[in-house]
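Novice: Sequence first, then the predicted structure:
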Amino acid sequence: MKERSIGFRRNIDLVVKALSGLAALTGIAFLVWILIVIVVKGLGAIRPEFFTQLPAPPMMPGGGLGNAILGTGIITTLATLIGVPIGLMAGIFLSEFGRDSFLAELVRYATNILMGTPSIIIGVFVYVIMVAPMGGFSGYSGSVALAIIMLPVVARTTEDMLNLVPDAVRESALALGAPRWKATVGVVFRAARTGLVTGSLLAVARVSGETAPLLFTALNSPFWPRSLSEPTANLPVTIFNYAMSPYVDWQAMAWGSSLLITTVILGITVLVRTILGRRKTT
Amino acid sequence: MGSYRGVQDRTFAGLATLSAGTVILLVVGIFVALLAGSGPSIREFGARFLFAQEWNPVSQQFGALSSIYGTLLSTGIAMVIAVPLSLIIALFLVELAHPAVSRVVGGAIELLAAIPSIIYGMWGLFVLAPVMARYVQPFIGKWAGDLPLFTGPPIGIGMLTAGIILALMILPFITSVTRDVFNMVPDVVKESAYGLGATTWEVTRQVTVRHGIMGIVGACFLGLGRAIGETMAVTFVIGNTHRISPSLFAAGNSIASTLANEFTEAAENLYLSSLIELGLVLFLITFLIQLAARIWLQRTRRKLGVTR
């Protein structure tokens, strides 16, 4: 190591410390910048009609995105109903049955790959296996795409949370004569309840803003959702279409939707954080 | 009764195994479906698909080069910005900040990861791009305009803007893993260095970073995998033209943005098939990155003696 005076070394240290503080500030500044922009530009669009009415033609006053809000709700709910149970069961397999077996390692590897697969690829995949054979875009295919994105997230958190439950708990339940499934669902699940709920909530938060997988599955629609077997209105794709349009009032609607989606997602995220944080301290 | 219980238990175990198998089936299924969908394009263009630049739906000529180039370039810019920034933020969180400050700042940085891609896109197009066009690009052009990297009119959208937004999006992921890596370095090791009279920066550079270098590289792989498939944010700001330009100010496209823009418009079979093949290329790239990351992290675990 080169010989340097203590003053020089102290100054370098000071510079780096200042820089690191500055870097952290920069990160926060961007977060605040984005949030402020969304609130300032989005708040104007949030009126009662925004939640209850159909979209108005461009440059016509009034109208709302009630159909897209309802559609997103339906698509996400169906995705949750598909993705969470399968994810939970896959997590149970990993922590209760598979453990260190070759199959379990393979499943873990596949889970990682699926989690790292870009969401637009999931969209293309669902297009190839569902939209093309069924002959058209549909809300169902949108739900399936979102469910595929949720599945590995739920499986991973389920495994992590179940692993936190000590084996003694499982053994006590089994020793009392409980069948394996009852020991898992009634005892192990109950012990890991908070973690499982928050994990599923995070998965819902993660997919509710997803746009890319819906572009060529659920597509979009200017009408109220009647049936999930046809193109279904949803907020993320509406934001994309409206933001890219040349109409100022449509862009304003896109900002309103952005505010709504961001509020919901950040709300869930902060809620989950608080629950987990509180549990950790006790 | 006993056999009834046995049936219940076997059904339960079977369902769990089936659900776990679904995950494997999906990964294999994605590969097979994309490969099958790319059939017409692979037969028509062969390996030329990867190296041809022309992308013309009218003459039915499709080459992926400009999309691949744009994906790699925008991701490269993002990594160059995000990696040093993440490392130094992690340093701040672990070594410098008061624990309470660290918790708040760390939480805020992690919130950046919760904002959906499309919101970054909106913000990028309507807020960041004008700022880039009015202030940042003219400023860079004034000082470094002679380099081919920074030529062209300051239009705001393009590779540089896409890279900056990608950097913001992967920053929380790299920061959070790096922070965990820094925290894993035993206090005794750091304290020994402090005891020898080293400054905080010297301890970080020569002890903490060296100790956790493999974990940090793993974190970078994670960020890389995220950035390379990012779709909506990039689609908003990259400009969406099938052109290769050395300038970072120029508009371009990426694999993901081409898919997002053109998929629903592709009427002809060959056009659609070429787009699916683009998807296959992206899937294979992310697959390879994850494979590399996994091998790397396994080596790290073994080296640090951490068992999962």
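Specialist: Yep, that arrived.
Novice: Roughly how far does the spatially most central residue of chain A sit from B:Leu248?
Specialist: Nearest to the mean C-alpha position of chain A, by Cα atoms, centre = their mean, lies A:Arg206 at 0.9 Å. Per Cβ to Cβ, to the nearest Å, A:Arg206 is found 31 Å from B:Leu248. Placement of C-beta: from N, CA and C, glycine included.
Novice: Work out the gap between the longest helix anywhere in chain A and the centre of the chain.
Specialist: What stands out as the longest helix in chain A, according to DSSP state H, is helix A:6-42. Here helix A:6-42 shows a centroid-to-chain-centroid distance of 28 Å under the convention Cα atoms, centre = their mean, to the nearest Å.
Novice: same deal with stretch A:35-51?
Specialist: Remark: stretch A:35-51 is offset 22 Å from the chain centroid, using Cα atoms, centre = their mean.
Novice: what's the first-to-last distance across that stretch?
Specialist: One end of stretch A:35-51 to the other measures 21 Å (Cα to Cα, to the nearest Å).
Novice: Can you give me the buried ones in that stretch?
Specialist: For stretch A:35-51, burial by neighbour count (16 or more other Cβ atoms under 10 Å in any protein chain shown) applies to A:Leu35, A:Val37, A:Ile38, A:Lys41, A:Gly42, A:Ala45, A:Ile46, A:Glu49, A:Phe50.
Novice: wait, which of these is closest to chain B?
Specialist: Relative to chain B, the closest of the buried residues of stretch A:35-51 is A:Val37; by Cβ to the nearest Cβ it sits at 5.3 Å.
Novice: Which single residue in the stretch 51-200 of chain B comes nearest to chain A?
Specialist: Residue of the stretch 51-200 of chain B nearest chain A, by Cβ to the nearest Cβ: B:Pro116 (2.6 Å).
Novice: so who does the residue nearest to the centre of chain A touch?
Specialist: A:Ile149, A:Met150, A:Val153 (Cβ atoms under 8 Å, 6 or more residues apart in numbering or on different chains).
Novice: so for the helix or strand where the last one lies, what's the average pLDDT?
Specialist: Using DSSP states H and E, the element containing A:Val153 is helix A:139-163. Averaging pLDDT along helix A:139-163 gives 95.
Novice: for it, the distance to its chain's centre please.
Specialist: Centroid displacement of helix A:139-163 relative to its chain, using Cα atoms, centre = their mean, is 9 Å.
Novice: near chain B at all, that helix?
Specialist: Yes. Counting by Cβ under 8 Å from any Cβ of the partner chain, chain B has neighbours in helix A:139-163: A:Ile148, A:Leu151, A:Pro152, A:Ala155.
Novice: Spatially nearest residue to B:Thr151, not counting backbone neighbours?
Specialist: Nearest non-adjacent residue to B:Thr151, counting by Cβ to Cβ, 6 or more residues apart in numbering or on different chains: B:Ser247, 4.8 Å away.
Novice: what's near enough to touch B:Leu65?
Specialist: Contacts of B:Leu65 by Cβ under 8 Å, 6+ apart are B:Leu50, B:Phe51, B:Ala52, B:Gln53, B:Ile244.
Novice: For it, give its distance to B:Val104.
Specialist: 46 Å.
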